[in-house]
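S.K.: quick one, fold the following:
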Amino acid sequence: MRTLISTAFISLDGVVEAPGGEPGYRNAGWTFKDIEFLPEAFDLKVREQQESTAILMGRTSYEAFSPVWPDMADFADYKTMPKYVVSTTLTDDDLVSNWGETTILRSLDEVAALKETEGGPIIVHGSASLNQGLADAGLIDRYHLLVFPLLLGAGKRLFPATDKDAQKLKLVEHAVYANGLQMNVLDVVR
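M.R.: Below you'll find the predicted structure:
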């Protein structure tokens, strides 16, 4: 079974909305405001590209990333990697042609089937709604979280608000950086 990894820039209060400056959110671009850039704090992002074998996204994140990431040197390793987009509305005609193989999945059942295939880790970028559905369905195996020392209040959150039994996580790697960022790698305990 393939490992499904959710990766996120996240505020201390759990917000993941518009970290790079996507329009429509009051605190858009919060990862770049008032926080000193330390390259070592982002080493996890480099490792993710080297260790992942596929990317999974929701429609909104695909529509945000696909016009930009294919031509960015920072995301070069993702260009040829297979991509999967979970959407009930996208069609093949909506997909960009310069970002390698992209497959549209129509349901979480199709994500579960993808996890059963041969191959290495699948990384989930962005996609707050998709992450919540994946978590509720028990499909996430690991979290890669870069926690920013900010409280953003309102905004899309990574974790679902579903009333359910407690889910235990095991901290397998962590670091704290001089700029206040915390890196936490957590496995979902089953």
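S.K.: show me the contacts for the most centrally placed residue in the chain.
M.R.: Geometric centre of the chain, nearest residue: H125, 2.4 Å, by Cα atoms, centre = their mean. Applying Cβ atoms under 8 Å, 6 or more residues apart in numbering, one finds that H125 lies in contact with 7, 55, 57, 61, 65. Backbone N, C-alpha and C define where each C-beta goes, glycine included.
S.K.: residues near A76, how many?
M.R.: By the criterion of other Cβ atoms under 10 Å, A76 has 12 neighbours.
S.K.: pretty sure it is in a helix, no?
M.R.: Yes - under DSSP: H, G, I helix; E, B strand; the rest coil, A76 falls within a helix.
S.K.: got phi/psi on the nearest residue to it once chain neighbours are set aside?
M.R.: Once flanking residues are discounted, A76 sits nearest to Q49: 8.0 Å by Cβ to Cβ, 6 or more residues apart in numbering. The phi/psi pair for Q49 (degrees, to the nearest 10) reads phi -70, psi -40.
S.K.: looking at Q49 now. What's its pLDDT?
M.R.: Predicted confidence (pLDDT) for Q49: 92.
S.K.: that one contacts T80, correct?
M.R.: No - using Cβ atoms under 8 Å as the test, Q49 is too far from T80 to be in contact (11.1 Å).
S.K.: in terms of packing, which of those two has more residues around it?
M.R.: For the pair Q49 and T80, the greater number of neighbours falls to Q49 (15 against 10), based on other Cβ under 10 Å.
S.K.: ok, that one - contacts?
M.R.: Taking Cβ under 8 Å, 6+ apart, one finds 75-78 in contact with Q49.
S.K.: same thing with V147?
M.R.: Applying Cβ under 8 Å, 6+ apart to V147 gives the contacts 10-12, 181-184.
S.K.: mind running it again at 6 Å?
M.R.: Residues counted as contacts of V147 (Cβ atoms under 6 Å, 6 or more residues apart in numbering) are 10, 182.
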